[in-house]
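Chemist: take this sequence and fold it.
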Amino acid sequence: MAGKDNSSETLAKGLGILDMFGDDDVGCTLSQISRRTGINKTSVYRYVNTFCELGFLKRDDRTGLYRLGVRMLALAHSILEKSELERAVKIQVDAAHERHGLHVDVGILSGDSIYLIYRRESQDTKAFRSFSYGSELYYLAAGKAAMAFMDPTGLHGLVDRLELKPKTDKTIVSRQELLADLRGAVERGYARNREEFVPGLIAIGAPLFSLRTGKVVGGVSFDSSTDRYSMEEFEGRFAGSLVELAKKISAVVSW
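Modeler: Take a look at the predicted model:
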């Protein structure tokens, strides 16, 4: 039903369920969806059945897990293809990729997550799983870069809300260690990711700002395999170029 502010609570709940999916694409059970969204299991069942019928979700009959369906993936692809923002970012990212031969990701903040809007892969990173839809910020270079340059109140509120789970044995799962790592990112002007998302994958990330408001709106990262560079070599060669690219993309995303 629509509330006093003319918003639909029913629609919001349904979109909240869809918002859970993506990232690792490991799938969710009805119980997991109910627990994470706070919606009772009977209502969750009705929502996911409707989404499955419409093609936005699919159910694995063998495991009972729900995942994103073909219609959702096609919709996301269509949006990106038609997005003026994506086209403008693409020009800057493709130029950087051609110059350095690196994997480049650009993500925009929404809520407590970062959403990929453009990616250019390199040969040495194609074997790795990369972030995509609604990934949490703390285990990604682009995400940590965005966190580091948030206002202190917003940052501490976000850190308090995070459920810090290890993606690898190098993921930072201590709030105090994470805040210390973010302070270091501010001092350097960019964030580091030392195999915190995927073993063998390192990255550096720089923040994207709205030039109109001065607020951080996302992040851009360079990624590499540890077979190609050590963390120190990677930073030394490319940190300056990454920060310059972030400035150019900030000018694009500001409008």
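
Chemist: please enumerate the helices of the stretch 101-250 of the chain.
Modeler: Along the stretch 101-250 of the chain, the segments classed as helices by DSSP state H, counting those that start in this stretch run 141-148, 152-161, 175-188, 231-253.

Chemist: buried residues, the longest one. List them.
Modeler: With burial defined by 16 or more other C-beta atoms under 10 Å, the residues of helix 231-253 counted as buried are 231, 234-235, 238-239, 241-243, 245-246, 248-250, 252-253. No exception for glycine: its C-beta is placed from N, CA and C like everyone else's.

Chemist: what mean pLDDT does it get?
Modeler: Averaging pLDDT along helix 231-253 yields 95.

Chemist: okay, now the unreliable bits of this protein?
Modeler: By pLDDT under 70, the low-scoring segments of the chain are 1-7, 22-26, 73-74, 76-83, 129-134, 254-255.

Chemist: break it down into its structural domains.
Modeler: Per the record, the chain has its domains at 9-73, 83-253, by automatic domain parsing.

Chemist: for those, which one ends up most surrounded?
Modeler: domain 83-253 (a mean of 18; mean count of other C-beta atoms under 10 Å).

Chemist: how about the strands in this structure?
Modeler: Along the chain, the segments classed as strands by DSSP state E run 57-59, 66-68, 103-110, 113-120, 135-136, 191-194, 201-209, 216-225.

Chemist: mind listing what the shortest one pairs with, with the direction of each?
Modeler: Strand 135-136 has the following sheet partners, assigned by DSSP bridges: strand 113-120 (antiparallel).

Chemist: now the angle from the strand it pairs with to helix 141-148?
Modeler: 140 degrees (axes from the mean of the first three to the mean of the last three C-alpha atoms, to 10 degrees).

Chemist: I figured D60 was touching L68, is that so?
Modeler: No - assessed by C-beta atoms under 8 Å, D60 is found out of contact with L68, at 12.0 Å.

Chemist: so what sits against both of the two?
Modeler: Common contacts of D60 and L68 (C-beta atoms under 8 Å, 6 or more residues apart in numbering): none found.

Chemist: that older thread, closest to C28 among the buried residues of helix 231-253?
Modeler: Closest to C28 out of those is V253 (31.1 Å), distances taken as C-beta to C-beta.

Chemist: ok, the closest one touching T213?
Modeler: No - between V253 and T213 there is no contact under C-beta under 8 Å: 11.4 Å.

Chemist: between the buried residues of helix 231-253, which sits nearest L54?
Modeler: Nearest to L54 among these, with distances taken as C-beta to C-beta, is V253, at 31.5 Å.

Chemist: what residues are up against that closest one?
Modeler: 85, 89, 108, 208, 210, 217-218.

Chemist: how about those residues, which pair is most distant?
Modeler: The widest separation within these (C-beta to C-beta) is 14.3 Å, between V89 and S210.

Chemist: which residues sit against stretch 122-130?
Modeler: Contacts for stretch 122-130 (C-beta under 8 Å, 6+ apart): 24, 97, 101-103, 105, 119, 121, 198, 200-201, 223-225, 227-228.
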